[in-house]
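1. Quick one, what's the 3D model for this:
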Amino acid sequence: MEDFSVFVGLSRPTVSKYFNDPNSVRRKTREMIEAAIRESGFRPNMFAVNLNRRRSNIIGMLIPTSADPFYNALTRRVEAIAREEGYLTFVLSSDGDPELEERALETLTSMNVAGAVVAPLGLHSRAAALERFSASIPLVYVDLPLDEGTAFVGTDNRRSFQIMVDYLCRSGTPPCFLGMPEVNSNASNRRLAYIEAMDRLGLQPHVVPISVELTWDFESFGFDEVSRILREDGFPTSTLLCANDRVAFGALSAAWKAGVKVGHEGDSALRIAGHDDHPLSRFASPPLTTVAQNYSEIGGRAMAILLRKIAAEREGDPDLDAAEEEHVLLPSQMVLRESA
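-> Next comes the predicted model:
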């Protein structure tokens, strides 16, 4: 930056001001700097610049896996809002590993991020590391909260499974439940939500026993589990509710391979439903009945809370709860398709 200031013939503060906000300098000055940029090819190292600040203009984001479309959609929404507000976004994945999650938190701390949106592993997270991070950095959790007292935005699993179970019971045989690997707290939360919904209707819950393998490859997991069940005694009912759409995709494939027709038509032997409204759900065969999470609203609400927390810290508010610790559970919407 010092060398470039000499090259363009302006003071370093003026050049820095331009790179922070080009519209903050006069038009003639801006044109001089932009001509010098074209001639020299100079670009400042913004990460290095940010290290010299107490707080950078970087929003950190930590997700448990980059392979899941839910987290990809959430990341795109956070990035779009951050960009509109003048922030860069730095995204890390823990890849389902508690040690990698802790190292990612340390990385974001060392970068002086202005704030962070974190989707934790939950059951396998190292709570002490998350608590240290949240004590020093404005933070909002998504998908899973650390506890009831932390800022959080996610889907109301209890309500969404209640809606789905009610529909499946009204339209056919009550559902049994195929869970997901216990990679995070959603596995147990959704299983318990199913049981509670069945209990509320006075019906016997049927949770299908599954393997204990921890994997994020939910499609393969669903295929292997359903293939095994169909080879053995079959399901206890003719309706299968899966913990998420990716498990349901594997179930649909296993049913097709076994020659079991899936759907709600009269000659179908099995109905299958999911949760999340994965982008490919409407292209499954048959198209998958599911519950849609509002990715855009989750990301938007999380960023609104985070930006208030960042502003409260910047303004020196002694009580960061001026950006109140909100615990937001968003409603979901039934999406009826041919599979159930």
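
2. Any stretches of the chain with poor pLDDT?
-> Counting by pLDDT under 70, the chain contains low-confidence residues at 45-55, 316-325.

3. Okay, helices next: where are they in it?
-> 2-8, 12-20, 27-40, 46-51, 69-84, 98-110, 127-136, 157-171, 185-200, 218-231, 245-257, 295-314 (DSSP state H).

4. highest average neighbour count across these?
-> helix 245-257 (a mean of 24; mean count of other CB atoms under 10 Å). To be clear about C-beta, it is placed using only N, CA and C from the backbone, and glycine gets the same treatment.

5. Contacts for that helix next, please.
-> Residues outside helix 245-257 that contact it (CB atoms under 8 Å, 6 or more residues apart in numbering) are 68, 178-180, 218-227, 230, 240, 242, 261-262, 270, 272-278, 280-281, 284-286, 288, 290, 339.

6. So residue 153 versus residue 244, what's the distance?
-> 19 Å (CB to CB, to the nearest Å).

7. swap in residue 18?
-> 48 Å.

8. so how far is stretch 163-171 off the chain centroid?
-> 26 Å (CA atoms, centre = their mean, to the nearest Å).

9. Hmm, residue 20 and residue 44 touching each other?
-> No: using CB atoms under 8 Å, residue 44 is not in contact with residue 20, being 9.8 Å away.

10. What's the separation between the residue sitting nearest the centre point of the chain and residue 63?
-> In the chain, the residue lying closest to the centroid (CA atoms, centre = their mean) is residue 71, at 3.8 Å. According to CB to CB, residue 71 stands 4 Å off from residue 63.

11. Check the contact lists of those two and give me the overlap.
-> With CB under 8 Å, 6+ apart, residue 71 and residue 63 have common neighbours residue 119.

12. neighbours of the closest residue to residue 292 other than its chain neighbours, just the number please.
-> Distances taken as CB to CB, 6 or more residues apart in numbering put residue 277 closest to residue 292, at 3.6 Å, once the chain neighbours are dropped. By other CB atoms under 10 Å, the residues close to residue 277 number 24.

13. what's the answer for the one 5 residues further on, then?
-> With neighbours defined by other CB under 10 Å, the count for residue 282 comes to 13.

14. OK, contacts around it?
-> 288, 337.

15. swap in residue 240?
-> Residue 240 neighbours (CB under 8 Å, 6+ apart): 175-178, 208, 226, 251, 270-273.

16. From these, pick the one nearest residue 236.
-> Nearest to residue 236, judged by CB to CB, of the contacts of residue 240 is residue 176 at 5.1 Å.

17. The closest one and residue 243: what is the separation?
-> 12 Å.

18. These two: which is more packed in?
-> residue 243 (28 against 20).

19. coming back round to it: mind putting the helices of the chain into TSV with distance to residue 332?
-> Below are these laid out as TSV (distance: least, CB to CB, whole Å):
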stretch	distance to residue 332
helix 2-8	51
helix 12-20	41
helix 27-40	47
helix 46-51	37
helix 69-84	12
helix 98-110	26
helix 127-136	26
helix 157-171	4
helix 185-200	11
helix 218-231	19
helix 245-257	12
helix 295-314	10
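
20. Provide a list of residues in contact with the residue nearest to the centre of the chain.
-> 63-65, 119, 143.

21. What of residue 127?
-> residue 146.

22. go again using 10 Å as the cut-off
-> The contact partners of residue 127, taken as CB atoms under 10 Å, 6 or more residues apart in numbering, are 120, 146-147.

23. Repeat that for residue 273.
-> 164-165, 167-168, 175, 239-242, 245, 248, 251, 288-291, 334-337, 339-340.

24. can you check residue 14 too?
-> 5, 8, 24-26, 29, 32-33.

25. Among the residues you listed, which one lies nearest to residue 90?
-> residue 24 (24.2 Å).

26. Test my guess that that closest one contacts residue 17.
-> Yes: with contact defined as CB atoms under 10 Å, residue 24 and residue 17 form a contacting pair (5.3 Å).

27. just to revisit the earlier point, distance to residue 133 added to the contacts of residue 240, as JSON lines?
-> Converted to JSON lines, the contacts of residue 240 look like this (distance: CB to CB, whole Å):
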{"residue": "175", "distance to residue 133": "39"}
{"residue": "176", "distance to residue 133": "40"}
{"residue": "177", "distance to residue 133": "34"}
{"residue": "178", "distance to residue 133": "34"}
{"residue": "208", "distance to residue 133": "37"}
{"residue": "226", "distance to residue 133": "39"}
{"residue": "251", "distance to residue 133": "37"}
{"residue": "270", "distance to residue 133": "45"}
{"residue": "271", "distance to residue 133": "43"}
{"residue": "272", "distance to residue 133": "39"}
{"residue": "273", "distance to residue 133": "37"}
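
28. taking those one by one, which sit in strands?
-> 176-178, 271-273 (DSSP state E).

29. export the residues you listed to a markdown table and tack on distance to residue 257?
-> As requested, the ones in strands among the contacts of residue 240 are exported to a markdown table (distance: CB to CB, whole Å):
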| residue | distance to residue 257 |
| --- | --- |
| 176 | 20 |
| 177 | 22 |
| 178 | 16 |
| 271 | 18 |
| 272 | 14 |
| 273 | 20 |
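
30. and residue 216, how many residues sit next to it?
-> Residues near residue 216, counting by other CB under 10 Å: 17.

31. Could I get the contacting residues of it?
-> 64-65, 67-68, 95-96, 180-181, 183-184, 246.
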